[in-house]
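Peer 1: 3D model of this:
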Amino acid sequence: MLPHHDGSPLYVSNDAPVLGEVVTVRLRVPVGYGPLDAVRTRSNPDHEPEWTDAVRLGVADGWEWWEAPVTVRNPRHGYRFVLLHADGGIGWLNQAGLHRIETRDDDDFALVAHPAPPAWLHESVMYQVFPDRFARSAQADEHTAPDWAIPASWDEPVDPVSPGRGGQFYGGDLPGITEHLDHLVSLGVNLLYLTPIFPAASNHRYDASSFDRVDPLLGGETAYIELIAAAHARGIRVIGDLTSNHSGDRHEWFRAAHGNPGAVEQEFYYFTDAENTAYESWLGHSSLPKFDWSSEELRERFVTGEDSIVAKWLKPPYGIDGWRIDVANMTGRLGAVDLNAEVRGLFAETVRRVNPEAILLGESTNDAASDLQGDGWHGAMTYPSFTRPLWGWLSESTGIPYAEWDGTVTTEPWFFTQPMGGIPRYTARDFVDAVTRFTSGIPWRVRLGNMQPLDTHDTARFATNAAPGTVPVAVGLSMTLPGVPVVFAGDEFGLIGADGESSRTPMPWGSEGDSAVAERLELYRSLVGLRREHPVLATGSLRWLHVDDESVVFVRESVDESVLVLATRGGADVELAAGAVVGAAEALYGDATLAAASDGSLLLAAEGPAFAAWSLPGVRLPA
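Peer 2: Okay, the predicted model is just below:
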């Protein structure tokens, strides 16, 4: 029962303002917290403080509501609340929480005056597919394996060590995905994310030899057009994956410049010798030469031109619905050079110009706050604000050796490419603290666009190390906390994998009748359904109501509906103070119990690992 504000519609009159617009922001304060003499907002336009006074609106259901105007003066306009108590005490409220002492601008609430993402992004549940491992159609048998490939049968184990790591080739293709779109429909997902589909010299295709073509091994352009059309017909949008940081060393641009001083494409890369044979590459991998984004010609061909790579695939006859940009965090950055903000701005301008209803997500796997201020990416594939702390709380390390990204094997388990000796041990309280820490610097609107995976093609599978009974807890949290839920193809079948290569297991089609698989499929269908059926889980407010070492309780709220959530690893016996939430609760999911005590408090209880959700009435504002 603490003062609360966030960027949801319950508290902010407009999350897509233009410069100069006045936005109304609300604060709710529990009646017992006061009395308050005044409430003010403190902004920092042009790095000079500006204050507005809030007006008390009245009381509803035990909460006192205040409202203040904020004029948006910068593209990212930060603000916080200051609460002045009658006894002289002061409280500061920002995205990191309530504080007694003055707070930093970095953690302020933020209004973003850049164009907003399309609303459908927040309504999405994403399904990620690694094409080589999803499904192989009959057409795949017509292709001859390329020179780099090590052919593998569909039931052959994944080889996580080089040369199999990048060369093992199962032959999954785009027609195979099209043939299984009804599986996606049955799960309830409505956004398909494909890792790269361009020709390359690896199974992952992040070393593209061209961005202008679809790999013939996948079925070529015709198969891509057919897949997108079939997905759209089923209400599923499709986004592509593009490497803006580097190409492959077989790329037509790189081949034109390599060993050829004076070539136009020479300026696309960081050649370091007069013969154009030495060059900068991604993390020292010579097969992945790094782009030099100071080149105007590169910008024209890649993103700004009418027929650029970014624009081409957004247009007919393809019509993808957006991009996930690989290694977005390193794009345009090398030593003293930092063109990242400029380049992501160019990407955003082109996407808006070509298709205003398309989305743009950037990969930034660690602290992404500085790059996620609304000026480019609508959200990010990032791990410290959900995935890593979730693992720390709900996993038990198996000690399985982790094959590193260079294909060597270490006997010391890593944790998301971090040499930490395995998975850290977190409490539920640590989980909430980490989520708060890594989202407090990101505007609410952008946070809603962040991908929220349990795992991806770059990580071990969560189920590999999940503590007994915790998979439903993890899936439930991914579907109910702010952000875009992500299902990596195979999670719904219970697949495991000890690292980012081993997790790329071919889909076990035909195993749906196995009891364990059927149970896992039903879990995903139910929880994806929960997310899709309750819009408040997409854009509603978030209030943490209870946190201890074993359990978290939170509520997502709007004026139309609220959803109360309990997640626990070791069992829960929780009492919520009277007035924390209001109204009759209807069970939506799970076996936990909820009962009202005579004093108006709520009692929540559950045995062992458990996830549960209840529907409640929407929040009532003062008349």
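Peer 1: contacts, neighbours, all on C-alpha from now
Peer 2: Will do.
Peer 1: Name the nearest residue to Val82, sequence neighbours excluded.
Peer 2: Trp92 (4.7 Å; C-alpha to C-alpha, 6 or more residues apart in numbering).
Peer 1: In what element of secondary structure is the one you found found?
Peer 2: strand 90-94 (DSSP states H and E).
Peer 1: now for that strand, which elements pack on it?
Peer 2: When contacts are defined as 3 or more C-alpha pairs under 8 Å, 6 or more residues apart in numbering; DSSP states H and E, strand 90-94 sits against strand 76-85, strand 97-99.
Peer 1: I'd like those strands as CSV, with mean neighbour count appended.
Peer 2: CSV is the format used below for the helices and strands packed on strand 90-94 (neighbours: other C-alpha atoms under 10 Å):
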stretch, mean neighbour count
strand 76-85, 22
strand 97-99, 16
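Peer 1: Follow the chain on from the longest helix anywhere in the chain and name the next helix or strand.
Peer 2: Secondary structure assigned by DSSP state H gives helix 515-533 as the longest helix of the chain. Sequence-wise, the next helix or strand downstream of helix 515-533 (DSSP H and E) is helix 536-539.
Peer 1: ok, how many other residues are close to the nearest residue to Leu523 once chain neighbours are set aside?
Peer 2: For Leu523, ignoring the flanking residues on the chain, the nearest one in space by C-alpha to C-alpha, 6+ apart is Pro472 at 7.0 Å. When neighbours are counted by other C-alpha atoms under 10 Å, Pro472 registers 19.
Peer 1: Quick one: residues contacting Pro472.
Peer 2: For Pro472, the contacting residues are 523, 610-611, by C-alpha atoms under 8 Å, 6 or more residues apart in numbering.
Peer 1: does Ala613 have beta-bridge partners, and which?
Peer 2: Val565, Tyr589 (DSSP bridges).
Peer 1: isn't it right next to Val565, touching?
Peer 2: Yes: at 4.5 Å, Ala613 and Val565 qualify as touching, with contact defined as C-alpha atoms under 8 Å.
Peer 1: what stretches of the protein score poorly on pLDDT?
Peer 2: By pLDDT under 70, the low-scoring segments of the chain are 399-414.
Peer 1: so how far is stretch 302-318 from its chain's centroid?
Peer 2: 24 Å (C-alpha atoms, centre = their mean, to the nearest Å).
Peer 1: who touches it?
Peer 2: By C-alpha under 8 Å, 6+ apart, stretch 302-318 touches 211-212, 224-225, 228, 299-301, 319-322, 346-347, 350-351, 354-355, 358.
Peer 1: Sitting in helices, which of the residues you listed do you find?
Peer 2: Among the contacts of stretch 302-318, DSSP H puts 224-225, 228, 299, 346-347, 350-351, 354 in helices.
Peer 1: Quick one: buried ones out of the residues you listed?
Peer 2: 224-225, 228, 299, 346-347, 350-351, 354 (16 or more other C-alpha atoms under 10 Å).
Peer 1: bridging residues for the residue nearest to Val82?
Peer 2: Bridge pairing for Trp92 - DSSP bridges - gives Val82, His99.
Peer 1: That one touches Leu84, doesn't it?
Peer 2: No: in this structure Trp92 lies outside contact range of Leu84 using C-alpha under 8 Å: 9.1 Å.
Peer 1: Any idea which of the helices and strands packed on strand 90-94 gets closest to Ser8?
Peer 2: With C-alpha to C-alpha as the measure, strand 76-85 is the member of these nearest Ser8 (14.7 Å).
Peer 1: how big is the angle separating that closest one from strand 90-94?
Peer 2: Put simply, strand 76-85 runs at 150 degrees to strand 90-94, going by axes from the mean of the first three to the mean of the last three C-alpha atoms, to 10 degrees.
Peer 1: now for strand 76-85, which elements pack on it?
Peer 2: Packing partners of strand 76-85 (3+ C-alpha pairs under 8 Å, 6+ apart): strand 36-43, strand 90-94, strand 109-112.
Peer 1: circling back: how near is the residue nearest to Val82 to Val72?
Peer 2: 20 Å (C-alpha to C-alpha, to the nearest Å).
Peer 1: And Ala489, by the same measure?
Peer 2: Counting by C-alpha to C-alpha, the gap from Ala489 to Val72 is 42 Å.
Peer 1: wait, which of the helices and strands packed on strand 90-94 is closest to Leu184?
Peer 2: When the helices and strands packed on strand 90-94 are compared (using C-alpha to C-alpha), the closest one is strand 76-85, at 37.1 Å.
Peer 1: CA atoms only: put the closest one into PDB for me.
Peer 2: The C-alpha trace of strand 76-85 is given here as PDB (Å, rounded to 0.1, in the frame of the first residue of the first chain):
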ATOM      1  CA  ARG A  76      12.200  12.100 -23.900                       C
ATOM      2  CA  HIS A  77      10.600  14.100 -21.200                       C
ATOM      3  CA  GLY A  78      11.400  12.800 -17.700                       C
ATOM      4  CA  TYR A  79       9.400  13.600 -14.600                       C
ATOM      5  CA  ARG A  80       9.000  12.400 -11.000                       C
ATOM      6  CA  PHE A  81       6.600  13.100  -8.100                       C
ATOM      7  CA  VAL A  82       7.500  14.800  -4.900                       C
ATOM      8  CA  LEU A  83       5.100  14.300  -2.000                       C
ATOM      9  CA  LEU A  84       5.100  16.800   0.800                       C
ATOM     10  CA  HIS A  85       3.800  15.500   4.200                       C
END
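Peer 1: who touches it?
Peer 2: By C-alpha under 8 Å, 6+ apart, the list of residues contacting strand 76-85 from outside reads 34-45, 90-94, 105, 108-113, 373-374.
Peer 1: Drop anything exposed from those residues.
Peer 2: 36, 39-45, 90-94, 105, 108-113, 373-374.
Peer 1: Would you map the helices across the stretch 251-400 of the chain?
Peer 2: Remark: helices assigned in the stretch 251-400 of the chain by DSSP state H, counting those that start in this stretch are 252-257, 296-299, 309-312, 340-354, 387-394.
Peer 1: Alright, calling it a day.
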